[in-house]
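Chemist: I'll drop the sequence and a predicted model, then ask my questions.
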Amino acid sequence: MKLSILDQSPRSKDKTSGQALQASMHLAQNGERLGYTRYWIAEHHDFSGLSCSAPEVMLGYIGAHTETIRIGAGAVLLPHYKPYKVAEVYNMLATLFPGRIDLGVGRAPGGSAEVTMALSDHYLQNAFNMPESFKELTHFINDDFPSDHKYSKISAAPVPSISPQPWVLGTSIKSAKLAAENGTAYAFGHFMSDKDGPDIMNTYIGNFKPNAKLPQSESIVAVSVICAESTELAERLALSGFLWKLQLAKGEGKEGVPSVEEAENYPYTSVEQEMLEAMRRKTIIGNPIEVIEQLGELQTEYNNDEFMIVTITHSYKDRAQSYELLANELLKNG
């Protein structure tokens, strides 16, 4: 079982965005030390409590403070950008950090309607044109436009010796088919989807078109996990992130992820209690043995190659320990 890190760079209620981004860099360093395969950081815009609006900036910083772990975006929100510029940025990163760069691509807006308008014109049309934009992006990354194409005479310089690896990130049949048809790796966001994930993954694997760059399918399932030394502690730690999501749904939570004590003493309504239970069902919570067992069961359902773990707690120390306990348990058994 391969494990990787998906970091949304959450900001705790008593911390600044600068401290959250520093914690993200330390998380990548710890992930490298613990043997995690890759570290991805997400892109969000004016999203309360999440600190990274420019993954490419953080990846330059994180790449300079790590040595071996693969690093990438989870994901570049392609409808906001021209493929050529995205290819230039990630080719630049791949030139600086050879053989380590992943380019995850998604179609979500990454923020409110107002943010979407501020970022780009014609977002809905650009999202509709995502298949064409993604194909164009991969041609720029691979430097292999047909000779009669209008862009055949230009390159997304600097052209690295080892190209970034493109990934499609999504939660739908549409994204799975896009990855399969282009012979690209695929990451499914289990933690943010209520759809039939295993069926979507089967669609990707069953329709994958092998190519010289990727001779066989490669898949990740992104899962929300809270791991602690005991099940009881893990349940307590999970409450902070749950309350924060409830607050965001009500237009609150701008201060960041609340403390465990605040989450424990919060006066939940019956509707909010039901929402909490739904979040619990979508999150793997427990001690290291329990978490590994649940991941194993999920891997049987998905037939995926790798898990990408997203963990949100109020304390950055608790978050780091969750990743460490999980990695140590896997190493002990593998």
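Modeler: Received the coordinates, thanks. Numbering: from 1, shown residues only.
Chemist: Show me the strands in the protein, by range?
Modeler: 2-7, 38-41, 70-77, 101-106, 165-170, 185-189, 219-227, 283-286, 306-310 (DSSP state E).
Chemist: Distance to residue 50 and mean pLDDT added to those strands, as TSV?
Modeler: All C-beta spots, glycine's among them, are computed from the backbone N, C-alpha and C. Listed next are the strands of the chain as TSV, based on distance: least, C-beta to C-beta, whole Å; pLDDT from 0 to 100:
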stretch	distance to residue 50	mean pLDDT
strand 2-7	10	98
strand 38-41	10	98
strand 70-77	12	97
strand 101-106	15	98
strand 165-170	16	98
strand 185-189	15	98
strand 219-227	14	98
strand 283-286	17	98
strand 306-310	11	98
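Chemist: Can I get these in a markdown table including mean neighbour count and distance to residue 256?
Modeler: A markdown table is the format used below for the strands of the chain (neighbours: other C-beta atoms under 10 Å; distance: least, C-beta to C-beta, whole Å):
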| stretch | mean neighbour count | distance to residue 256 |
| --- | --- | --- |
| strand 2-7 | 23 | 15 |
| strand 38-41 | 28 | 17 |
| strand 70-77 | 25 | 20 |
| strand 101-106 | 26 | 24 |
| strand 165-170 | 25 | 25 |
| strand 185-189 | 27 | 22 |
| strand 219-227 | 25 | 17 |
| strand 283-286 | 22 | 19 |
| strand 306-310 | 24 | 16 |
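Chemist: Tabulate those in JSON lines, adding columns for distance to residue 263.
Modeler: Conversion of the strands of the chain to JSON lines gives the following (distance: least, C-beta to C-beta, whole Å):
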{"stretch": "strand 2-7", "distance to residue 263": "21"}
{"stretch": "strand 38-41", "distance to residue 263": "25"}
{"stretch": "strand 70-77", "distance to residue 263": "26"}
{"stretch": "strand 101-106", "distance to residue 263": "29"}
{"stretch": "strand 165-170", "distance to residue 263": "29"}
{"stretch": "strand 185-189", "distance to residue 263": "24"}
{"stretch": "strand 219-227", "distance to residue 263": "12"}
{"stretch": "strand 283-286", "distance to residue 263": "14"}
{"stretch": "strand 306-310", "distance to residue 263": "18"}
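Chemist: Indicate which one of these is closest to residue 331.
Modeler: Relative to residue 331, the nearest member of the strands of the chain by C-beta to C-beta is strand 2-7, separated by 10.0 Å.
Chemist: Sheet-wise, list the partners of the closest one with their directions.
Modeler: When pairing is defined by DSSP bridges, strand 2-7 lines up against strand 38-41 (parallel), strand 306-310 (parallel).
Chemist: Can you give the contact residues for the shortest one?
Modeler: Yep, that's strand 38-41 we're talking about. Under the criterion C-beta atoms under 8 Å, 6 or more residues apart in numbering, residues 4-9, 24, 27-28, 31-32, 52, 55, 58-59, 62, 66, 69-75, 102, 104, 308 lie in contact with strand 38-41.
Chemist: Now render the strands paired with strand 2-7 as TSV, adding distance to residue 246.
Modeler: Shown next, in TSV, are the strands paired with strand 2-7 (distance: least, C-beta to C-beta, whole Å):
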stretch	distance to residue 246
strand 38-41	24
strand 306-310	18
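Chemist: quick one: which of the strands of the chain is nearest residue 148?
Modeler: Ranking these by proximity to residue 148 (C-beta to C-beta) places strand 165-170 first, at 23.3 Å.
Chemist: what angle separates that closest one from strand 185-189?
Modeler: For strand 165-170 against strand 185-189, the angle by axes from the mean of the first three to the mean of the last three C-alpha atoms, to 10 degrees is 30 degrees.
Chemist: Show me what strand 165-170 packs onto, helices and strands only.
Modeler: strand 70-77, strand 101-106, helix 130-142, helix 173-181, strand 185-189 (3 or more C-beta pairs under 8 Å, 6 or more residues apart in numbering; DSSP states H and E).
Chemist: Tell me how far it lies from the chain's centre.
Modeler: 10 Å (C-alpha atoms, centre = their mean, to the nearest Å).
Chemist: So what touches it?
Modeler: Strand 165-170 is contacted from outside by 72, 74-75, 101-107, 134, 137-138, 141, 175-176, 178-179, 182, 184-189, 220, using C-beta under 8 Å, 6+ apart.
Chemist: I'd like the distance between residue 78 and residue 135.
Modeler: According to C-beta to C-beta, to the nearest Å, residue 78 and residue 135 sit 11 Å apart.
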